[in-house]
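Novice: Fold the following for me, if possible:
(one chain, ligands or ions: 1)
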Amino acid sequence: MKYIVIGAALLCILAWSGIANRHSIVVSLMSSGEQPPLNATTDEGTDTVWFDDYFTVQALDERTFAIGEPRYAQQNYSYLIIGSERAVLFDAGPGFRNIREVAESLTDLPITFVPSHFHYDHTGNEITFDQVAVVDLPYIRARAVDNRLTLSAPEHLGVAEGVAAPTLSINEWLAPGSMMFLGGRQLQVLYTPGHTDDSISLLDLTSGFLFSGDFIYPGPLYAFLSNSNMGDYLAGAETVMSYESLVSKIYGAHRVRPPGAPRLGINDVKDLRKTLEDIRAGKAISGGVYPREYAINERMMLLAEPEFLQDWQSTNRESNEHSN
Ligand SMILES: [Zn+2]
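Specialist: Numbering: from 1, shown residues only. Coordinates of the predicted model:
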């Protein structure tokens with residue numbers, strides 16, 4: 001009897017430590033630890049040109065360019081948004097190739113790099129920029145020493161492909177809701193957490209383009225990582241919907257297949273919000289075990305934790321009150 005009790009206690013401890021450490025277990029299961037092999041060259045259609053054998057450039061209008069990495073396994077897209085005084089590069093890919101050369105071939109203006117969030121496949125890593133702007137959240141600002149911010153392993157996840165976490169030298173802090181002025185063009189910073197708690201989107205108030213990072217793109221959306229949160233995801237969707245009338249097109253950071261940059265519309269955010277509301281209400285149908293797969297529409301799926309592990313308490317990272 002004594003052994004049965006000890007065995008049961010041990011099982012409980014093991015089960016609990018597995019739950020507590022599940023995010024690092026999941027990341028290690030998803031990790032190869034090295035750069036993945038390149039995809040074959042793709043046919044990207046007539047409005048896209050190959051910059052070299054790796055990057056593509058697609059003009060979304062005369063001052064906005066999607067820089068694609070269709071041969072990278074995660075098919076990343078970064079966006080160069082050009083004003084009359086400066087340009088913003090929203091995301092920089094995993095840095096296996098130098099996206100700065102592509103951006104500088106498209107503008108002579110100073111370029112400010114803005115990561116949509118701190119995952120390694122967006123931060124460019126060994127690629128550096130003269131100007132860097134990041135989201136201004138109290139818990140991030142508190143970690144920066146002389147405006148230098150070293151990314152943590154759980155927020156960067158570079159171990160998945162053998163990429164060391166960089167230290168960013170920050171020139172500009174972007175408060176949620178604030179404006180970036182590029183000269184004749186302004187971008188509003190929207191705080192769109194959920195995928196991660198440090199995720200932002202940029203809304204171009206002139207063209208109505210919303211650059212959404214990993215918050216939303218056509219394909220599977222990851223809402224089960226270490227700093228994902230379901231309550232945040234819903235809050236982020238509500239924030240975007242509150243700008244509904246200003247959004248013309250949405251450009252995300254990944255795509256599943258060619259051709260061209262990953263494009264969505266505001267109705268896709270509406271579908272995401274509906275799916276999140278249905279999951280919270282226990283009305284959504286899911287497949288899979290871990291992560292659970294919830295269909296959003298024919299172009300998107302939300303990957304979340306099983307119901308009993310989902311956190312619907314929004315983390316409210318915009319305030320100082322939440323300090324962990
Ligand atoms: Zn990400």
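Novice: contacts, neighbours, all on C-alpha from now
Specialist: Noted.
Novice: Neighbours of the nearest residue in space to residue 80 that is not next to it in sequence, how many?
Specialist: Leaving aside its sequence neighbours, residue 80 sits nearest to residue 89 (CA to CA, 6 or more residues apart in numbering; 4.5 Å). Neighbours of residue 89 under the rule other CA atoms under 10 Å: 23.
Novice: Contacts only, for residue 89.
Specialist: By CA atoms under 8 Å, 6 or more residues apart in numbering, the contact list for residue 89 reads 78, 79, 80, 81, 103, 111, 112, 113, 114.
Novice: for the helix or strand encompassing the fifth one, what is the average pLDDT?
Specialist: Which is residue 103. Using DSSP states H and E, residue 103 sits within helix 99-106. Here helix 99-106 scores 98 as its mean pLDDT.
Novice: gap between whatever helix or strand comes next after that helix and the chain center?
Specialist: Later in the chain than helix 99-106, the nearest helix or strand by DSSP H and E is strand 111-114. Relative to its parent chain, strand 111-114 has a centroid offset of 16 Å by CA atoms, centre = their mean, to the nearest Å.
Novice: continuing past strand 111-114, what's the next helix or strand?
Specialist: strand 131-135.
Novice: And the contacts of that next one?
Specialist: With CA under 8 Å, 6+ apart as the test, strand 131-135 has contacts from 110-115, 168-176, 198-200.
Novice: buried residues in the next helix or strand after that strand?
Specialist: Scanning forward in sequence from strand 131-135 by DSSP H and E, the next helix or strand is helix 138-141. For helix 138-141, a neighbour-count test (16 or more other CA atoms under 10 Å) marks 138, 139 as buried.
Novice: still on that earlier bit, mind listing what's buried in the helix holding residue 103?
Specialist: Within helix 99-106, the residues that count as buried by 16+ other CA under 10 Å are 99, 100, 102, 103.
Novice: For the closest residue to residue 171 other than its chain neighbours, the count of nearby residues, please.
Specialist: With sequence-adjacent residues excluded and distances taken as CA to CA, 6+ apart, residue 171 is closest to residue 132, at 5.5 Å. Counted by other CA under 10 Å, the residues lying close to residue 132 total 19.
Novice: per-residue pLDDT, residue 132?
Specialist: 98.
Novice: same thing with residue 28?
Specialist: 75.
Novice: what do you get for residue 14?
Specialist: Confidence score, pLDDT, at residue 14: 54.
Novice: How about residue 322?
Specialist: Residue 322 is given a pLDDT of 46.
Novice: Quick one: list the elements packing against the helix holding residue 103.
Specialist: The helices and strands touching helix 99-106, judged by 3 or more CA pairs under 8 Å, 6 or more residues apart in numbering; DSSP states H and E, number zero.
Novice: centre of the chain versus it, how much separation?
Specialist: Counting by CA atoms, centre = their mean, helix 99-106 comes out at 21 Å from the chain centroid.
Novice: try stretch 94-111
Specialist: That offset, for stretch 94-111, works out to 20 Å (CA atoms, centre = their mean).
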